[in-house]
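Colleague: from the sequence below, what's the structure:
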Amino acid sequence: MRDRLRHALLIAAAVSGVAIFIAFAFYERPGLGLGHFYYVSIILAALATGPAIGAGAAGLATVLFAIGVVINPQISPSEVLTTSTVIRFLTYMTVGMVTGYFAKRNRLLLADLELLAERDALTGLPNTRVFERAIGDLLERDQPFALIVGGVHELAPKAGRTDIDADDVLRRVATRLMPALSAGDQVVRVGEDAFAVLTYAGSSREAGKIAAHLQSRLAADGFTVTFGWAAYPQDGSNALSLYRAADERLYARRLIHRQTTVVPLQGSATSS
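Modeller: Numbers count the residues shown, from 1 in each chain. From the prediction side, this is the model:
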């Protein structure tokens, strides 16, 4: 959509530039000022691109203005080499470069805002908006995959302990989750203390093994995280049913293993 708009602006700049040149070359009269309309073409080109193209459009507009003066029988060719032409060139250039600079800066800011809108501010991971889109894409492909949900323990400081920073724990867990996954897997933060992983798994048993791998990797780094899992299509046919199945396994394991360290999952990870 944005590229189409930029292409439309460039086409409009080219068309208007040609139209202005024809009008100036054949209809301009001393004092009429049709050459001022070149500002429109310059601004359109600069808005679509940036300061460099804006400056280029300004230079081209000055050349077309000079050619138009030579062609137009109502204007003396001596008007080309005057101070007013130099001033016109400078004003064209200023408008093109300034407009292009702010147009390019605005596009960069919008790109940053779009990135921030899809990222969790604390961990830098994709957020639930990205997660919903990703799981939707996987469901459309109708191929097996696993949804693994992990809940981080002990984010609140214990009595007598002030060295536990919940935000730091979440950031470090996120940092360690990513290298533990395979290429193409996705990890997102889906709640205050929860993360979700989308990965390939041919069955619920295989998804459980992946959850066990992630749990052991984090435990080795000193983080206690409980994982629940669901496999498509075995455990659900849509995002809601899959998340519900994974969430139920997660909280069932928390209830069963009421202790500081979660009991490691065994290879036969098909039960809660």
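
Colleague: going forward, measure contacts and count neighbours with C-alpha atoms only.
Modeller: OK.

Colleague: how is the protein divided into domains?
Modeller: Domain assignment of the chain by automatic domain parsing yields the ranges 2-117, 128-256.

Colleague: pull the contacting residues for I148.
Modeller: Counting by Cα atoms under 8 Å, 6 or more residues apart in numbering, I148 touches A196, V197, L198, A207, A211, F227, G228, W229, A230, A246.

Colleague: from R105, how far out is the fifth one?
Modeller: Separation of A211 from R105 (Cα to Cα, to the nearest Å): 44 Å.

Colleague: what do you get for the fourth one?
Modeller: Plainly put, A207 is 45 Å away from R105 if you go by Cα to Cα.

Colleague: where does the stretch 151-272 of the chain dip in pLDDT?
Modeller: 154-164, 257-272 (pLDDT under 70).

Colleague: ok so, going back, what about A211 and R105, which has more around it?
Modeller: A211 (25 against 13; other Cα atoms under 10 Å).

Colleague: thought that one was touching F227?
Modeller: Yes: the pair A211 and F227 qualifies as a contact (Cα atoms under 8 Å) at a distance of 6.0 Å.

Colleague: what about the most centrally placed residue in the chain, which helix or strand?
Modeller: Nearest to the mean C-alpha position of the chain, by Cα atoms, centre = their mean, lies L115 at 3.6 Å. Assigned by DSSP states H and E, L115 belongs to helix 83-117.

Colleague: packing partners for that helix?
Modeller: Using 3 or more Cα pairs under 8 Å, 6 or more residues apart in numbering; DSSP states H and E, the elements in contact with helix 83-117 are helix 38-48, helix 51-71.

Colleague: run the angle between it and helix 51-71 for me.
Modeller: Between helix 83-117 and helix 51-71, the angle comes out at 150 degrees (axes from the mean of the first three to the mean of the last three Cα atoms, to 10 degrees).

Colleague: now helix 83-117: buried residues?
Modeller: Across helix 83-117, burial judged by 16 or more other Cα atoms under 10 Å covers 88-90, 92-101, 103-104.

Colleague: how much does that helix deviate in direction from helix 38-48?
Modeller: Using the same axes, to 10 degrees: helix 83-117 against helix 38-48 is 30 degrees.

Colleague: tell me where the chain has helices.
Modeller: 2-27, 38-48, 51-71, 83-117, 128-141, 166-177, 204-220, 239-256 (DSSP state H).

Colleague: deepest of the ones you listed, which one?
Modeller: Greatest average neighbour count among the helices of the chain goes to helix 38-48 (a mean of 26), per mean count of other Cα atoms under 10 Å.

Colleague: now do it, average pLDDT.
Modeller: Here helix 38-48 scores 95 as its mean pLDDT.

Colleague: list the contacts for the nearest residue to L64 once chain neighbours are set aside?
Modeller: Spatially, and ignoring its direct neighbours in sequence, L64 is nearest to F21 (6.4 Å; Cα to Cα, 6 or more residues apart in numbering). Going by Cα under 8 Å, 6+ apart, F21 touches L64, F65, G68.

Colleague: and of those, the nearest to F223?
Modeller: Distance to F223, by Cα to Cα, is smallest for L64 among the contacts of F21, at 68.9 Å.

Colleague: distance check, the closest one against A57.
Modeller: With Cα to Cα as the criterion, L64 and A57 are 10 Å apart.

Colleague: V187 versus L181, what's the distance?
Modeller: From L181 across to V187, the span is 9 Å (Cα to Cα).

Colleague: looking at these two now, which is surrounded by more residues?
Modeller: V187 (23 against 17).

Colleague: what are the bridge partners for the more buried one, then?
Modeller: Beta bridges link V187 to V197, judged by DSSP bridges.

Colleague: what sits against it?
Modeller: With Cα under 8 Å, 6+ apart, V187 has these contacts: L125, P126, L177, M178, F195, A196, V197, L198.

Colleague: for the residues you listed, give me TSV that also has distance to F26.
Modeller: Formatted as TSV, those follow (distance: Cα to Cα, whole Å):
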residue	distance to F26
L125	61
P126	59
L177	70
M178	67
F195	69
A196	68
V197	68
L198	66
